[in-house]
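Trainee: Fold the following, please.
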Amino acid sequence: LDPAGYFVGYKAACSGAKDVEATNYLEKRFRSNPEWTCEEAIREAISALQSVLSEDFKASQIEVGVSTTEGGDRAFRVLTEDEVDAHLVAISERD
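Mentor: So this is what the prediction gives:
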């Protein structure tokens, strides 16, 4: 569900500038490994942004929100700058 109320039936979806390119990127990555952990999903989302925008981010330049339904409880939280930085480091080491 995006802010305009549009929802899609994908495991990976995007909204905003270059949303089609980002959605395609995520769908291709998801097909090769359909069982992402939360950590992997966060890293793939950041990688999608970096790929379609052709930019390497610093932790202070992006915000990452995570929505979970663990144990039947629904929760949303925004990652701290240190958490985002840890994901950026893991992405750079992976690539």
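
Trainee: Just the buried residues of the host helix or strand of Arg31, please?
Mentor: Applying DSSP states H and E as the criterion places Arg31 in helix 19-32. Of all the residues in helix 19-32, those buried under the rule 16 or more other Cβ atoms under 10 Å are Ala22, Thr23, Tyr25, Leu26, Arg29, Phe30. C-beta here means a position set from N, CA and C on the backbone, and glycine is covered the same way.

Trainee: quick check: angle from the longest helix along the chain to helix 19-32?
Mentor: Determined from DSSP state H, the single longest helix within the chain is helix 38-53. Here helix 38-53 points in a direction 140 degrees away from that of helix 19-32 (axes from the mean of the first three to the mean of the last three Cα atoms, to 10 degrees).

Trainee: and helix 38-53, what does it pack onto?
Mentor: helix 19-32, strand 65-68, helix 81-94 (3 or more Cβ pairs under 8 Å, 6 or more residues apart in numbering; DSSP states H and E).

Trainee: Quick check: mean pLDDT of the last one?
Mentor: Average pLDDT, helix 81-94: 94.

Trainee: where does the residue lying closest to Glu63 once chain neighbours are set aside fall, phi/psi-wise?
Mentor: Spatial nearest neighbour of Glu63, excluding adjacent residues (Cβ to Cβ, 6 or more residues apart in numbering): Val78 at 5.9 Å. In terms of degrees, to the nearest 10, the main-chain angles of Val78 are phi -100, psi 130.

Trainee: and if you look at Trp36?
Mentor: With angles defined as degrees, to the nearest 10, Trp36 sits at phi -70, psi 140.

Trainee: Use 3 as the first number for this chain going forward.
Mentor: OK, 3 is where the count begins now, so the last one is Trp38.

Trainee: That one is in contact with Phe32, isn't it?
Mentor: Yes - taking contacts as Cβ atoms under 8 Å, Trp38 lies within contact range of Phe32: 7.2 Å.

Trainee: Mind listing the shared neighbours of these two?
Mentor: Glu46 (Cβ atoms under 8 Å, 6 or more residues apart in numbering).
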